[in-house]
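1. give the three-dimensional model of this entry:
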Amino acid sequence: MAKKYLGIEIGSHTLKIAVMSGGKAEKLVIEPVPDNLVRDGVIVSWEAMADCVREAIKKNNIKIKNVYMALPEKHMYQKRILLPAMTTDQLKVNLPYEFHDYISEDRDQYIYDYVVLEQKKDEVGNIKELDLIGVAVLKEVAEKYVRLCRRAGLKLVALAPEFSAYHRVLISYAKATGNDINRDFALLNLGHESAHIWFFTGGEYSVTRNMDQGVASLTQTIADIYECDFHIAEVYMYSNHENVMDREEVMDACGRLSIEIMRVLNFFNFNHPENNLDAMYYCGGGAQIQHLIDAVGENLDLPLVPITELMQSSAAGLSEEEMMIGVEAIGIGLVE
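-> Numbers count the residues shown, from 1 in each chain. Down below sits the predicted model:
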């Protein structure tokens with residue numbers, strides 16, 4: 001029997017818990033996060049968040065303890081690094097010095113890790129250089145996540161950067177289909193507070209671009225129209241109450257967000273003129289808002305494709321909506 005574990009992503013609006021078994025998602029739990037408990041990707045009250053996770057676990061009768069958790073980029077420094085060939089022990093010594101441009105305080109306050117993207121070899125096959133992504137996280141932050149899980153009755157096995165969740169989805173897709181992922185990808189998450197695009201070049205993580213606007217900007221526009229509570233406005237948005245999504249103010253808000261996404265893509269194209277992007281894959285809570293998807297699609301030169309196209313092997317038993325919303329929780333749990 002395959003070992004079961006959890007993949008967890010804590011968003012500013014919703015908590016996602018993926019029940020994983022044998023490299024596949026069996027179940028996805030989506031629970032609301034209390035207002036202002038997470039701001040701009042940062043947990044405000046760790047004890048309250050732990051209680052929120054514990055209640056979600058209890059409510060959904062989840063007995064699994066081991067957890068892989070997505071770490072928001074707000075909590076880390078990450079850097080693409082090219083180093084001469086060296087041993088693992090030598091990497092551990094040298095990696096902290098690669099972050100001297102970012103970390104001014106005591107380097108010993110951080111935990112360092114890395115993933116090797118490529119081993120560059122010379123003409124006779126000897127490893128000459130290591131192309132890797134290094135990550136630095138405050139020990140204090142890592143310890144907070146450990147305590148959060150412990151208070152929730154869980155055991156934190158590993159913290160991993162958000163980009164690794166999407167990378168694991170790409171790897172799982174390639175393994176299941178035999179398709180080559182040594183090409184470029186743009187993955188768009190239409191989140192609550194902000195939108196993000198993760199770019200992968202040659203199948204490897206390249207860069208993340210963040211936009212200040214998210215789905216909440218549409219919700220606030222609707223709240224202003226009806227002079228109603230934000231949560232009521234959210235219900236109106238997803239149900240298109242009285243065709244509110246066709247209102248000029250809401251369409252303008254969709255347009256502003258879509259233009260920001262277009263600008264980010266254009267900037268990437270300018271800096272990577274040889275890229276072979278052939279689509280932008282989208283996900284997140286905003287993926288359920290067709291008016292927004294249409295607005296984004298109209299401003300892009302690339303086809304806009306649901307990320308579910310890449311997840312049929314890793315989350316075949318889930319609905320398309322669950323895949324869209326839970327992609328980070330599912331991806332972070334793709335460790336087998």
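
2. can you give me the pLDDT of residue 277?
-> Looking at residue 277, its pLDDT is 95.

3. and it, that's in a helix?
-> No - with the criterion set as DSSP: H, G, I helix; E, B strand; the rest coil, the secondary structure at residue 277 is coil rather than a helix.

4. how about it: what's its closest non-neighbour residue?
-> The shortest distance from residue 277 to any residue that is not its chain neighbour, by Cβ to Cβ, 6 or more residues apart in numbering, is 4.8 Å, and that residue is residue 184. Yep, even glycine has a C-beta here, placed from its N, CA and C like the rest.

5. all helices of the stretch 151-300 of the chain, in order?
-> With DSSP state H, counting those that start in this stretch as the definition, the stretch 151-300 of the chain shows helices at residue ranges 162-177, 215-226, 230-239, 248-271, 290-298.

6. one more: the stretch 1-150 of the chain?
-> Counting by DSSP H, counting those that start in this stretch, the segments of the stretch 1-150 of the chain that form helices are 46-59, 88-94, 139-151.

7. any chance of those in TSV, plus mean pLDDT, mean neighbour count and distance to residue 117?
-> Written out in TSV, the entries for these read as follows (pLDDT from 0 to 100; neighbours: other Cβ atoms under 10 Å; distance: least, Cβ to Cβ, whole Å):
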stretch	mean pLDDT	mean neighbour count	distance to residue 117
helix 46-59	97	17	32
helix 88-94	90	12	14
helix 139-151	96	16	23
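
8. of those, which is nearest residue 322?
-> The closest of the helices of the stretch 1-150 of the chain to residue 322 is helix 46-59. By Cβ to Cβ, the value is 15.0 Å.

9. please list all residues in contact with the residue nearest to residue 277.
-> Contacts were defined as Cβ atoms under 8 Å, 6 or more residues apart in numbering; by that measure residue 184 touches 199-202, 272, 275-277.

10. just the buried subset of those, written out for ChimeraX, thanks.
-> Applying 16 or more other Cβ atoms under 10 Å to these, the buried members can be selected in ChimeraX as follows:
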select :199,200,201,275,277
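
11. closest to residue 54 among the contacts of residue 184?
-> residue 200 (34.8 Å).

12. quick check: the closest residue to that closest one other than its chain neighbours vs residue 18, distance?
-> The spatial neighbour of residue 200 that comes closest, neighbours along the chain excluded (Cβ to Cβ, 6+ apart), is residue 185 at 4.2 Å. Spatial separation of residue 185 from residue 18 under the definition Cβ to Cβ, to the nearest Å is 21 Å.

13. before we move on, what about residue 153?
-> Residue 153 sits 17 Å away from residue 18, going by Cβ to Cβ.

14. what do you get for residue 64?
-> Using Cβ to Cβ, residue 64 is found at 11 Å from residue 18.

15. the more surrounded of the two?
-> Under the neighbour definition other Cβ atoms under 10 Å, residue 64 and residue 18 were set side by side, and residue 18 has more, 30 against 16.

16. can you pull the contacts of that one?
-> Listed by Cβ under 8 Å, 6+ apart, the contact partners of residue 18 are 6-8, 25, 27-29, 326, 329-330, 332-333.

17. which elements pack onto the helix or strand of the chain with the lowest mean pLDDT?
-> The helix or strand of the chain with the lowest confidence, counting by mean pLDDT, DSSP states H and E, is strand 110-121 at a mean of 87. Strand 110-121 is packed against strand 127-138, helix 139-151, strand 204-211, with contacts defined by 3 or more Cβ pairs under 8 Å, 6 or more residues apart in numbering; DSSP states H and E.

18. what sits up against the longest one?
-> For helix 139-151, the surrounding residues in contact (Cβ under 8 Å, 6+ apart) are 43, 46-47, 49-51, 53-54, 67, 69, 71, 75, 109-111, 155-156, 159.

19. and the gap between residue 323 and residue 198?
-> Residue 323 sits 16 Å away from residue 198, taking Cβ to Cβ as the criterion.

20. please identify which of these two sits among more neighbours.
-> More neighbours sit around residue 323 than around the other of residue 323 and residue 198, counting by other Cβ under 10 Å; the figures are 25 against 21.

21. wouldn't the more buried one be in contact with residue 310 here?
-> No - the pair residue 323 and residue 310 does not pass the contact test of Cβ atoms under 8 Å, sitting 9.2 Å apart.

22. where does the stretch 201-336 of the chain dip in pLDDT?
-> Under the criterion pLDDT under 70, the flagged ranges of the stretch 201-336 of the chain are 336.

23. my guess is residue 26 contacts residue 19. True?
-> Yes - taking contact to mean Cβ under 8 Å, the distance of 4.8 Å between residue 26 and residue 19 places them in contact.

24. mind listing the shared neighbours of these two?
-> Between them, residue 26 and residue 19 share these contacting residues under Cβ under 8 Å, 6+ apart: residue 4.

25. neighbour-wise, which of these two wins?
-> Each of residue 26 and residue 19 has its neighbours counted (other Cβ under 10 Å); residue 19 has more, 21 against 14.

26. who does that one bridge with?
-> Taking DSSP bridges as the rule, residue 19 bridges to residue 6, residue 27.

27. contacting residues around it?
-> Taking Cβ under 8 Å, 6+ apart as the definition, contacts of residue 19 comprise 4, 6, 25-29, 62, 64.
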